[in-house]
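K.L.:
no FASTA, just this:
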């Protein structure tokens, strides 16, 4: 389901276009995104509609669901095939219910997209300086809580010596920072970039582990495994497309969800910043990581960093959580297709 289209503004650079048509007869794939509404930084999902998906013979549908728990429920109920979740949220659910018929099939980022940010106007210059201070997170159910605690521990600060409070996002978070209700925030990088667009400047710190993933129901892996592989290839191509041209990715957002109500040139500049900041946490072209992979060493790093917060033993088997068997097939993809498509979509 899509949100109502926003008001259309005529612009030479951002002229409204007809919504893209999906290929008839293509294999349908339904993604549940753990977000209440699409944002430009979700371009790793939709930047390739329709061309890149059509090239993989896929017809995608996107369900925008508030929160990882709800996105998991939609996938368990069969209303979605693949859920885009916070890694910590998935690990917590699977640790509590090992028989949960969900498996991670694609690691989304390689450094955490949760970013601990301290205003540059603050006298606090490093994480250790947050002892006795207050950190804001979107909600106390957010994976940002676990990542905040882990980063504090790594900096030598017992988490119980820092207050972690829910401040929401966007304008409420800005108010909390500017009124000194909180000394720092830990937000998804795309949301933090939105605050930067409003003139805020930060010292940013990230955890050296993933924070996002894509999870599939075991029935998809059993009955439509090839579709799951192609869906993950689309994610890789969308990422390359967005990294190659944040401008083209922003225009893909407008094409599908409506033009911005703000002044077009400013909106484009801000949305490009949000996309660029988000894509920096994902695998880069030339990065030795395989698309979507989480190696055994990286899995051990995750367990060491946040495993204790979710009751995962340090020797928890990766294969209980992650189906790595798809990775070789996912990586049989020509990313130059996405590079050329993005270059062709953006003005010279």
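P.N.:
Structure's in. What do you need? If you're wondering where the values come from, they're calculated on a predicted model, not measured in any experiment.
K.L.:
Leaving out sequence neighbours, find the closest residue to residue 48.
P.N.:
Distance criterion CB to CB, 6 or more residues apart in numbering; nearest residue to residue 48, sequence neighbours excluded, is residue 238 at 4.7 Å. The C-beta positions use only the backbone N, C-alpha and C, and glycine is treated the same way.
K.L.:
where are the low-confidence patches of the stretch 1-150 of the chain?
P.N.:
Applying pLDDT under 70 to the stretch 1-150 of the chain picks out residues 1-24.
K.L.:
mind listing the helices for the stretch 201-348 of the chain?
P.N.:
Secondary structure of the stretch 201-348 of the chain by DSSP state H, counting those that start in this stretch: the helices cover 218-223, 225-244, 246-257, 264-279, 296-306, 318-321, 327-330, 336-345.
K.L.:
closest to residue 170 out of these?
P.N.:
Smallest distance to residue 170 across those (CB to CB): 11.9 Å, for helix 264-279.
K.L.:
Report the beta-bridge partners for the residue minimising distance to the centre of the chain.
P.N.:
The residue lying closest to the centre of the chain (CA atoms, centre = their mean) is residue 212, at 5.7 Å. Beta-bridge pairing for residue 212 (DSSP bridges): residue 86.
K.L.:
Distance-wise, check it relative to residue 86.
P.N.:
Per CB to CB, to the nearest Å, residue 212 is found 6 Å from residue 86.
K.L.:
and if you look at residue 232?
P.N.:
Taken as CB to CB, the span from residue 232 to residue 86 is 18 Å.
K.L.:
Looking at those two, which one has more neighbours?
P.N.:
Neighbours were counted for residue 232 and for residue 86 using other CB atoms under 10 Å; residue 86 has more, 27 against 24.
K.L.:
Please look at the more buried one and residue 34 and confirm they touch.
P.N.:
Yes: with contact defined as CB atoms under 8 Å, residue 86 counts as touching residue 34 (6.8 Å).
K.L.:
Okay, strands next: where are they in this protein?
P.N.:
Using DSSP state E, the strands of the chain run over 27-33, 58-64, 82-86, 102-107, 114-119, 134-137, 163-166, 184-188, 202-206, 212-217.
K.L.:
could I get these as TSV with distance to residue 333?
P.N.:
As requested, the strands of the chain are exported to TSV (distance: least, CB to CB, whole Å):
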stretch	distance to residue 333
strand 27-33	16
strand 58-64	13
strand 82-86	17
strand 102-107	12
strand 114-119	28
strand 134-137	35
strand 163-166	40
strand 184-188	26
strand 202-206	27
strand 212-217	15
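K.L.:
need the contact list for residue 95.
P.N.:
Applying CB atoms under 8 Å, 6 or more residues apart in numbering, we find residue 95 in contact with 310, 311, 312, 316.
K.L.:
okay if I get the helices of the stretch 201-348 of the chain as TSV plus mean pLDDT?
P.N.:
TSV is the format used below for these (pLDDT from 0 to 100):
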stretch	mean pLDDT
helix 218-223	96
helix 225-244	98
helix 246-257	94
helix 264-279	95
helix 296-306	94
helix 318-321	94
helix 327-330	98
helix 336-345	95
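K.L.:
List the beta-bridge partners for the nearest residue to residue 84 once chain neighbours are set aside.
P.N.:
With CB to CB, 6+ apart as the measure, residue 33 is the residue that lies nearest to residue 84, at 4.8 Å, once sequence neighbours are left out. Under the criterion DSSP bridges, residue 33 forms beta bridges with residue 64, residue 84.
K.L.:
Identify the residues contacting residue 33.
P.N.:
Residue 33 sits next to 42, 45, 62, 63, 64, 65, 71, 84 when contact means CB under 8 Å, 6+ apart.
K.L.:
Most neighbours of all those residues, which one?
P.N.:
When the contacts of residue 33 are compared by neighbour count (other CB under 10 Å), residue 71 ends up highest, at 27 neighbours.
K.L.:
was I right about it contacting residue 65?
P.N.:
Yes: using CB under 8 Å, residue 71 is in contact with residue 65, at 4.5 Å.
K.L.:
who touches both of the two?
P.N.:
Listed as contacting both residue 71 and residue 65 by CB under 8 Å, 6+ apart are 32, 33, 34.
K.L.:
Mind putting those residues into a markdown table with distance to residue 201?
P.N.:
Below are the shared contacts of residue 71 and residue 65 laid out as a markdown table (distance: CB to CB, whole Å):
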| residue | distance to residue 201 |
| --- | --- |
| 32 | 34 |
| 33 | 29 |
| 34 | 28 |
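K.L.:
what's the closest of the residues you listed to residue 339?
P.N.:
residue 33 (24.6 Å).
K.L.:
how far away is the closest one from residue 320?
P.N.:
Residue 33 sits 25 Å away from residue 320, going by CB to CB.
K.L.:
Tell me which residues touch residue 45, please.
P.N.:
Taking CB under 8 Å, 6+ apart, we find residue 45 in contact with 31, 33, 60, 62, 84, 235, 238.
K.L.:
check contacts around the fourth one.
P.N.:
In this structure, residue 62 makes contact with 2, 30, 31, 33, 38, 45, 46, judged by CB under 8 Å, 6+ apart.
K.L.:
Residue 58 is in contact with the second one, correct?
P.N.:
Spelled out, that is residue 30. No: between residue 30 and residue 58 there is no contact under CB under 8 Å: 10.8 Å.
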